[in-house]
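> Here is my input, please return the structure:
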Amino acid sequence: MFIFSNNILSLKNTPAAMAGRVVLVSTIGFFGLVNIVSAQEAFTAEPVSSTPECIAYNINPEDFEDKKESREEESPFEVLQGKTIRNIRIAQINVFNEKNPDENNAVYRLLNRLHITTREKVVKSQLLFKVGDKVNYKNLEETARNLRTRKYLTNAHVLPEKVCGDQVDVLVITQDSWVLEPQVSFSHKSSDNESGFAISDGNVLGTGNAFKIGYEENQLRKTISYDFSNPYFLNKQIAVRALYEDTSDGRNTLLTVERPFYALDTPRAMGVQYSDLSQVDEIRSHDEVVNSFRHRAIDNEVYFGVATDVNPNFTQRWLVGVTHEEDSFFTNEDTLQPIPKRDKAVYPWIEYQYLQNQYGVFKNLNQIQRPEDIPTGQTVTARLGFAGTTFGNPDDVLRYKITYGNILDISDKHIFEVSAKLDGRQHLGIDSLDPNLLTSTVAYHYLINEKNRWYFRAEYGVGEHLPQYEELTVGDITGLRGYPTDYLRGKKRYVVSVERRYFSDLHIFNLMRVGGVVFFDAGKAWGLPSEQNSPLLSNVGVGLRLSSSKIRIGNVIHIDVAMPTSAREGISKYQLIMGAYQQF
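Here you go, the predicted structure:
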């Protein structure tokens, strides 16, 4: 915790605390409280007022330091609960910090001038509070969390700027990411290489609209794609996405329009989705292609939901909807085995959701040197649907999906994650059309210090009547990095991984963050009559992690070299895996 002795006064252990003195954590420092648009206007606040009722804060960029702790502990608004919001000000930070000698060069200054900063009304439309509201520190915290999920922002904070008796002025700080990108991509997996290029603008003219046109090519297909999205379309609580992919083996069309639950206390939500995907599925085993077929998947849905119980500790919701799921299969010239049977389910459903209102702000878990909002509590969803033949189903069908998750943060050093999912359907008269899949995962983070972590993960899955394209596999990105893609197949699977992670302070050209990992994987898949040879697999390896500090949050580049330590006959001595993933 970083407290300024002169301008920012501690809330603790003083009788004046209730008059509105504020503790500000240091997390806002390094992540870019610099180079703010209209910097003097944004940060020059009057000194502490001589009027007893007012406390104002002179927030200057040089007053803040990089946060070294693994997590942020408390909200600066918690002790201001119930006061009235008098004013809201938006302070916007450009991509590069020209006050930092490492970023004050001609190239970065030019990029700052070319960059169009997110429009103020785009940020303001996403606030969960307004002038005249009473301070609800949970809503202010959630606003910051929501803004940090936007791909056109690298960081966001909501802070008190001035306290006058029972009134508070609020400062919302956002830092833009670089979003106009010519993208060249390359990924390597044991079975395939994938390359592509694209033009992407994740914040068109500062409006929050994202558009991308791209081309990708791999062993299976060539793809031209067009993608548009905005989580706050027209600065309204409407999320829109339109995707069209024209591929050499089919096409993919996706359209979603919804008014989702934007906050834990959002009273209602509704939405509609249209999805139609056609492609060739390739089935692999023991580093060979064993089957291939054309697959068309339809997934359409309309829903409406209400929050029935909202309180500071948890939220409960009920949703109703109608879903159309249909999978059709066709042979092609490479089909070597029988193909899955057509499966269709059109059904109305009801769903229950339970979410604990409990979050922690961590650093160096899944991203490198960036704040991460982690829900440290329980989440439950349970959906049940039923429909008869009047909906065009081959038989009466019972559809169910149940998920459970829980993350425990213990003494700032230990984070435990538990999750389970049951996904299945039951046609009451046709046993062969009853796929069911149960998966469970346990993960553990040991936070040695701000740079070093141990990570353990164990996964177990079991299924029945699984179509071939949904069978459980191990190899490559599915957990066994020393083996080819889908090396083993089965209706049961377990994978155990142990990693020693390192998050360095290295900041290449002030653009790229760097991390590293040493890992061990073990596991197997088994249970299919066609898979008689299902040995226990294990491997060791090392990896490099790269993440941009100026481009949108999300992808971490993985470069892994893994060497099998068992069942090595007939496979390479090492596997090289390169790609971009959402986690470290």
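
> List the buried residues in the longest strand that the chain contains.
Longest strand of the chain, by residue count under DSSP state E: strand 288-310. Neighbour counts over strand 288-310 (16 or more other CB atoms under 10 Å) mark 290-298, 300-301, 303, 305, 307, 310 as buried. Backbone N, C-alpha and C define where each C-beta goes, glycine included.

> pLDDT on stretch 146-154, on average?
Across stretch 146-154, pLDDT averages out at 90.

> right, I mislabeled it, should have said stretch 438-448
96.

> One more: stretch 372-390?
91.

> Can you get me the start-to-end distance on stretch 368-385?
In stretch 368-385, first residue to last residue: 41 Å (CA to CA, to the nearest Å).

> nope, stretch 257-271 is what I meant
Separation of the first and last residues of stretch 257-271 by CA to CA is 6 Å.

> just stretch 500-515 next, same as before
11 Å.

> For it, which residues meet the burial criterion?
Neighbour-count burial for stretch 500-515, counted by 16+ other CB under 10 Å, picks out 500-501, 503, 510, 512-515.

> With stretch 453-471 instead?
Buried residues in stretch 453-471 (16+ other CB under 10 Å): 453, 455, 457-463, 466-471.

> Also stretch 109-117?
Quick answer for stretch 109-117 (16+ other CB under 10 Å): 111-112, 115, 117.

> Likewise for stretch 255-268?
Buried residues in stretch 255-268 (16+ other CB under 10 Å): 255-256, 258-266.

> now, which of these sits nearest residue 392?
Nearest to residue 392 among those: residue 255, at 22.0 Å, using CB to CB.

> C-terminal to the longest strand of the chain, what's the next element?
Counting by DSSP states H and E, the element after strand 288-310 in chain order, helix or strand, is strand 314-331.

> ok, residue 85 - how many residues close by?
By other CB atoms under 10 Å, 21 other residues sit near residue 85.

> Oops, could you answer that again for residue 327 instead?
Residue 327 - counted by other CB under 10 Å - has 20 other residues nearby.

> what's the answer for residue 533, then?
Neighbours of residue 533 (other CB under 10 Å): 9.

> For it, give its distance to residue 283.
Separation of residue 533 from residue 283 (CB to CB, to the nearest Å) stands at 17 Å.

> Just the pLDDT for residue 573.
For residue 573, pLDDT reads 88.

> show me the contacts for it.
Applying CB atoms under 8 Å, 6 or more residues apart in numbering to residue 573 gives the contacts 563-564.

> One more pass at 7 Å, please.
Applying CB atoms under 7 Å, 6 or more residues apart in numbering to residue 573 gives the contacts residue 563.

> Check the one 10 residues further on too.
Going by CB under 7 Å, 6+ apart, residue 583 touches 366, 556.

> low-confidence ranges in the chain?
Along the chain, the parts satisfying pLDDT under 70 run over 1-52, 57-74, 182-196, 430-433, 553-554.

> going on from the biggest helix by length in it, what's the next piece of helix or strand?
Longest helix of the chain, by residue count under DSSP state H: helix 137-148. Using DSSP H and E, the helix or strand that follows helix 137-148 towards the C-terminus is strand 153-164.

> check which helix or strand covers residue 406.
For residue 406, the element it lies in under DSSP H and E is strand 397-410.

> Run the chain-centre distance for that strand.
The chain centroid and the centroid of strand 397-410 are separated by 17 Å, computed with CA atoms, centre = their mean, to the nearest Å.

> Strand partners (parallel or antiparallel) of it?
Sheet pairing of strand 397-410 (DSSP bridges) gives strand 378-387 (antiparallel), strand 414-427 (antiparallel).

> Following element in sequence after the longest one, please.
In this case it means strand 414-427. strand 436-447.

> what's the helix or strand following that following strand in contact with?
Using DSSP H and E, the helix or strand that follows strand 436-447 towards the C-terminus is strand 452-464. Contact with strand 452-464 is made by 364, 435-448, 472, 479, 491-502, as judged by CB under 7 Å, 6+ apart.

> Need the buried ones from those residues selected in PyMOL.
Buried members of these can be picked out in PyMOL with the line below, counting by 16+ other CB under 10 Å:
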select buried, resi 364+435+437+439+440+441+443+444+445+447+472+479+491+492+493+494+495+496+497+498+499+500+501
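
> on that earlier part again, which among the buried residues of strand 288-310 gets closest to residue 344?
Using CB to CB, residue 298 is the member of those that lies nearest residue 344, at 8.6 Å.

> Enumerate the beta-bridge partners assigned to that closest one.
Beta-bridge partners, per DSSP bridges, of residue 298: residue 276, residue 326.

> ok, it - contacts?
275-276, 324-326.

> what separates stretch 542-556 from the chain centre, distance-wise?
Centre-to-centre, stretch 542-556 and its host chain are 13 Å apart (CA atoms, centre = their mean).

> same thing with stretch 277-287?
26 Å.

> contacts for the longest helix of the chain?
75, 77-78, 81, 126-129, 153, 155-158, 174, 263-264, 312, 357, 359, 371, 373.

> so of these, which ones are in strands?
Those of these lying in strands (DSSP E): 153, 155-158, 174, 359, 371, 373.

> Among these, which one sits closest to residue 208?
Nearest member of the ones in strands among the contacts of helix 137-148 to residue 208, counting by CB to CB, is residue 153, at 9.7 Å.

> Now residue 272: which helix or strand?
Residue 272 belongs to strand 268-285, assigned by DSSP H and E.

> Between strand 314-331 and that strand, find me the angle.
Angle, strand 268-285 to strand 314-331, by axes from the mean of the first three to the mean of the last three CA atoms, to 10 degrees: 40 degrees.

> and strand 268-285, what does it pack onto?
Under the contact criterion of 3 or more CB pairs under 7 Å, 6 or more residues apart in numbering; DSSP states H and E, strand 268-285 touches strand 250-259, strand 288-310.

> TSV for those, including distance to residue 331?
As requested, the helices and strands packed on strand 268-285 are exported to TSV (distance: least, CB to CB, whole Å):
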stretch	distance to residue 331
strand 250-259	15
strand 288-310	6
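
> What's the separation between residue 217 and residue 477?
19 Å.

> Revised request: answer the last question for residue 180.
Residue 180 is 30 Å from residue 477, by CB to CB.

> can you check residue 218 too?
For residue 218, the distance to residue 477 - CB to CB - is 14 Å.

> Please confirm that residue 111 is located within a strand.
No. Using DSSP: H, G, I helix; E, B strand; the rest coil, the secondary structure at residue 111 is helix, not a strand.

> shouldn't it be in contact with residue 96?
Yes. At 6.4 Å, residue 111 and residue 96 qualify as touching, with contact defined as CB atoms under 7 Å.

> Buried ones in stretch 214-234, by neighbour count?
214, 216, 220-221, 223, 225, 227-233.
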